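Novice: A structural model of the following input is requested.
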Amino acid sequence: MKFIELFAGIGGFRLGLEKAGHKCVWANEINEKARGIYENNFKDKPDSRDIRTIEPNEIPDSDLLVGGFPCATFSAAGKRTGFSTEDTRGTLFFEICRIAGAKRIPYIFLENVKGLLNHDNGRTFGVILSALDELGYDVQWECINSKNFGVPQHRERVFIIGNLRGFPRPKIFPIGKSQSRNISSKFLDKKQARTITARLRKGVGNTESRIIGSLINQEKGERLDSLDEICRIFLQEGEKIVMPILTPERPVKRQNGKRYKNNDEPSHTLTAQDRHGVLITEKFKSSIRKFTPLECERLQGFPDNWTKFYANGKQVIDSERYERCGRAVTVNVIYEIAKRFPL
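Specialist: Predicted coordinates:
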């Protein structure tokens, strides 16, 4: 199918769809830095205008409209303002409706955070379904976790498929856990492979859970002088533990939610705000380091160094690479869904 891509970012939708045999005929992205990365990889410039200023007749005809419309207003990490008149990011959903309705695009394929489902006690999602119904779309949706599709990252996102009445309804959902826990080494930096899978070396047993408990006690204020002291208490020489951790720049941090992951769990969800890393303990010593941008690309299913350069050849700084990966869709999931659309 020919598709148009709104809120294109660095091209996660396009990458997955084109891998499945579909063709992009137009893309729109207002952020200059994201556009530069997109253009560098696809050799194609997205339209840079504010989507609210673009008339439907300026957009090529297509079979499919795709986009991950801005999600900060629905996310648990954001202010959850939803369709607020003060924060217009949420209202950009209606720009999708405006374009799809005016052009009578047969299919739509959208992505957003899991929080969209329960925002305002479900009323926000109800508005979305009603708006699409009034435009003539039948809708199906599913909350999908990236960890089930070949990347070691816990990332739950809602995917919405709409077909205009009169067009065949593709059987997309449920997709299920077709690749559950399929964490391949090809996604990992060979020098840093342990940092993403959080896999213990054989023979360590339950040491990790005891250390996690001690770290939690430390965060609650109980005295433990250092991570090294914890390691000396619980580790035998030669043992090694690697665990995903949030805010790696702070050895001790109090926070709501789970800062450390358990044995063999996928990493935390990449976001534009959080900082991710790994706690490594070996031979009675411990250290914490950040994920590399390359590891973040692999966690999202992008090819290596996808975010490394702009189209003008200038290298992207690491903080920008982290942000772009955190805002992107997981390519593996897009591909699995795209395979179920007719060509």
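Novice: tally of neighbours for residue 308?
Specialist: For residue 308, the count of nearby residues is 16 (other Cβ atoms under 10 Å). Where C-beta positions appear, they are placed from N, C-alpha and C, glycine not excepted.
Novice: again, but for residue 21
Specialist: Other residues close to residue 21 by other Cβ under 10 Å number 11.
Novice: now do residue 56
Specialist: 13.
Novice: correct me, but it touches residue 98?
Specialist: Yes: under the criterion of Cβ atoms under 8 Å, residue 56 makes contact with residue 98 at 7.2 Å.
Novice: List the beta-bridge partners for the nearest residue to residue 3 once chain neighbours are set aside.
Specialist: Nearest residue to residue 3, sequence neighbours excluded (Cβ to Cβ, 6 or more residues apart in numbering): residue 64, at 3.9 Å. Legend: beta-bridge partners of residue 64 under DSSP bridges are residue 3, residue 107.
Novice: So residue 64 is in contact with residue 13, correct?
Specialist: No: using Cβ under 8 Å, residue 64 is not in contact with residue 13, being 10.1 Å away.
Novice: Name the residues contacting each of these two.
Specialist: Common contacts of residue 64 and residue 13, defined by Cβ atoms under 8 Å, 6 or more residues apart in numbering, comprise residue 109.
Novice: Which one of these two is surrounded by more residues?
Specialist: Per other Cβ under 10 Å, whichever of residue 64 and residue 13 has more neighbours is residue 13, with 29 against 25.
Novice: what about residue 315, distance to residue 37?
Specialist: 11 Å (Cβ to Cβ, to the nearest Å).
Novice: which neighbours do the two share?
Specialist: Joint contacts of residue 315 and residue 37 (Cβ under 8 Å, 6+ apart) are residue 309.
Novice: Look at the two and report which has more neighbours.
Specialist: residue 37 (25 against 10).
Novice: Phi and psi next, for the closest residue to residue 269 other than its chain neighbours.
Specialist: Spatial nearest neighbour of residue 269, chain neighbours left out: residue 155 (4.7 Å); criterion: Cβ to Cβ, 6+ apart. Taking degrees, to the nearest 10, you get phi -150, psi 100 for the backbone angles of residue 155.
Novice: Touching, residue 155 and residue 143? I think so.
Specialist: No: in this structure, residue 155 is not within contact of residue 143 by Cβ under 8 Å, at 10.8 Å.
Novice: In contact with the residue nearest to residue 3, which residues?
Specialist: With Cβ under 8 Å, 6+ apart, residue 64 has these contacts: 1, 2, 3, 4, 17, 22, 105, 106, 107, 108, 109, 341.
Novice: how about the strand or helix carrying residue 123: buried residues?
Specialist: Counting by DSSP states H and E, the element that carries residue 123 is helix 123-134. Within helix 123-134, the residues that count as buried by 16 or more other Cβ atoms under 10 Å are 124, 125, 127, 128, 132.
Novice: Report all helices and strands that that helix contacts.
Specialist: Contacts defined by 3 or more Cβ pairs under 8 Å, 6 or more residues apart in numbering; DSSP states H and E place helix 123-134 against helix 93-103, strand 137-145.
Novice: can you put the ones you listed in CSV and add distance to residue 44?
Specialist: Listed next are those as CSV, based on distance: least, Cβ to Cβ, whole Å:
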stretch, distance to residue 44
helix 93-103, 19
strand 137-145, 27
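Novice: so of those, which one's packed in deepest?
Specialist: Burial of the helices and strands packed on helix 123-134 is given as mean neighbour count (mean count of other Cβ atoms under 10 Å); helix 93-103 ranks first at a mean of 19.
Novice: Please, where are all the strands along the stretch 101-250 of the chain?
Specialist: With strands called from DSSP state E, counting those that start in this stretch, the stretch 101-250 of the chain shows them at 107-113, 137-145, 156-164, 240-246.
Novice: Show me the shaky parts of the chain.
Specialist: 71-90, 176-268, 271-279, 281, 283-286 (pLDDT under 70).
Novice: Show me it divided up by domain.
Specialist: Domain ranges of the chain: 2-182+303-338, 190-291, per automatic domain parsing.
Novice: Give me the buried positions along the helix or strand containing residue 324.
Specialist: Using DSSP H and E, residue 324 sits in helix 318-327. Neighbour-count burial for helix 318-327 flags 320, 321, 322, 323, 324, 325, 326, 327 (criterion: 16+ other Cβ under 10 Å).
Novice: one step back: tell me, how many residues neighbour the residue nearest to residue 269?
Specialist: With neighbours defined by other Cβ under 10 Å, the count for residue 155 comes to 23.
Novice: for it, what are its contacts?
Specialist: Contacts of residue 155 (Cβ under 8 Å, 6+ apart): 145, 146, 147, 269, 270, 330.
Novice: circling back to that earlier point, among the buried residues of helix 318-327, which one lies nearest to residue 289?
Specialist: Distance to residue 289, by Cβ to Cβ, is smallest for residue 322 among the buried residues of helix 318-327, at 13.8 Å.
Novice: ok, that closest one to residue 316 distance?
Specialist: For residue 322 relative to residue 316 (Cβ to Cβ), the value is 10 Å.
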